[in-house]
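Asker: have a look; sequence and predicted model below, questions after that.
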2 protein chains.
Amino acid sequence: MRPTKPTKPTTASSVLSEAELLERHGVLPSAQRLAIAQYVLRTDEHPSADQVFAKVKRALPMVSRATVYNTLNLFVDKGLLRAHVLAEGKVVFDPNLAPHHHFIDEETGAIHDVPWSALAVSNVDALEGFDVHEYQVVLRGKLKKARST
Amino acid sequence: MRPTKPTKPTTASSVLSEAELLERHGVLPSAQRLAIAQYVLRTDEHPSADQVFAKVKRALPMVSRATVYNTLNLFVDKGLLRAHVLAEGKVVFDPNLAPHHHFIDEETGAIHDVPWSALAVSNVDALEGFDVHEYQVVLRGKLKKARST
DNA sequence: TCTCGGTTTAGACTCAGTCTAACCCACGTG
DNA sequence: CACGTGGGTTAGACTGAGTCTAAACCGAGA
């Protein structure tokens, strides 16, 4: 609507270019920010900041650690990412903004998303003395080695 | 049972002295370990290791950080404590060994226990592909300023 | 060209936590 | 009683995640 600036007629929000995504969230794009966005907004690996740093460095070798940290925090501020503290001593980033639960593989430490609808928590609203703003179930265990990858 | 060694007929496990508690869990008592136990096994503050260190230092000023860390990890190994990673970059220790949930005050960062029975999570056993060993609900929000403390 | 604001950079710094090597001390032995 | 042995403790060095800072960079406008 209002094609003052001819923004590409994007079909759906999920096929926006990273540049558009950033702009829509009030983040000025830059080469570094785009490189970071291209990885971290599309992954389901729940990477830590240093993992993002390592990954982005391959595409953009001169990028600095500070920039990666700044950018990730900026993305969290602007609502492009969520940060979770789940595992030992590390903040991990998650582009999945919809509420969901997390399963942590006790053997590998890998984090998997569990769809919100897969579990139901009853009684949250009735909790005495707590005004709950958000919640999630954190599960730990082993991956079942069933069929399929 | 089998009172080969006449262990004191303790009324309930919750009134054991720290020294007895440690011994029962296979931990040789020492002045430092007792001082740490006296605080950390009785608190509901969910302290971090450095908070324990600060607290214990008042009672036993020559204690070293390494000892506190060693001892806390030893207690976790021996099942006297549980460690949780809930808040930003800190491991907190919790003498409450029974399963329970946690509520994190978003304003102060304080952690409160939520009794296991206060919430119910359905469908955990039916989760596809995950062999869940333990889980908890992590809630975030504000404390309701209602009556009572 | 000059300036200005925002971005990036390297490196110093902080903080939590671990590691190491020396030390202490109670105990058992000759 | 000297000696060795083995926990436990200690200070301090070290590591790894993350923040801070000051300088450099860069693109847009005057």
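Answerer: It's in.

Asker: mark out where each domain of chain A begins and ends.
Answerer: What automatic domain parsing lists as the domains of chain A is A:15-93, A:98-141.

Asker: is any part of the shortest one close to DNA strand D?
Answerer: The reference is to domain A:98-141. No. Between domain A:98-141 and DNA strand D, judged by CB under 7 Å from any atom of the strand, nothing touches; the nearest distance is 12.1 Å. Bear in mind the C-beta positions are built from the backbone N, C-alpha and C, glycine included.

Asker: in which helix or strand does the spatially closest residue to residue A:107 that is not a sequence neighbour reside?
Answerer: Counting by CB to CB, 6 or more residues apart in numbering or on different chains, residue A:142 is the residue found nearest to residue A:107 once chain neighbours are left out, at 6.2 Å. Using DSSP states H and E, residue A:142 sits in strand A:130-143.

Asker: so in that sheet, which strands flank that strand, and in what orientation?
Answerer: Its sheet considered, strand A:130-143 pairs with strand A:100-105 (parallel), strand B:130-143 (antiparallel) by DSSP bridges.

Asker: related to what we said a few turns ago, state the number of residues packed around the residue nearest to residue A:107.
Answerer: 13 (other CB atoms under 10 Å in any protein chain shown).

Asker: OK, contacts around it?
Answerer: Shown in contact with residue A:142 (CB atoms under 8 Å, 6 or more residues apart in numbering or on different chains): A:105-107, B:130-131, B:133.

Asker: kindly indicate which of those lies nearest DNA strand C.
Answerer: Proximity of the contacts of residue A:142 to DNA strand C (CB to the nearest atom of the strand) peaks at residue A:106, which lies at 16.7 Å.

Asker: what ranges in chain A fall below the confidence cut-off?
Answerer: Residue ranges of chain A with pLDDT under 70: A:1-15, A:146-149.

Asker: quick one: the helix or strand hosting residue A:71 near chain B?
Answerer: Per DSSP H and E, residue A:71 falls inside helix A:65-77. No. Using CB under 8 Å from any CB of the partner chain, helix A:65-77 stays clear of chain B, coming no nearer than 12.2 Å.

Asker: helices or strands up against the very next helix or strand once past that helix?
Answerer: Once the chain leaves helix A:65-77, the next helix or strand it forms, by DSSP H and E, is strand A:82-85. Helices and strands touching strand A:82-85, by 3 or more CB pairs under 8 Å, 6 or more residues apart in numbering or on different chains; DSSP states H and E, are helix A:65-77, strand A:91-94.

Asker: with mean neighbour count and distance to residue A:20 added, can I get those in a markdown table?
Answerer: Output for these, formatted as a markdown table (neighbours: other CB atoms under 10 Å in any protein chain shown; distance: least, CB to CB, whole Å):
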| stretch | mean neighbour count | distance to residue A:20 |
| --- | --- | --- |
| helix A:65-77 | 17 | 15 |
| strand A:91-94 | 20 | 20 |
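
Asker: and of those, who's closest to DNA strand C?
Answerer: Nearest of the helices and strands packed on strand A:82-85 (CB to the nearest atom of the strand): helix A:65-77, 3.4 Å.
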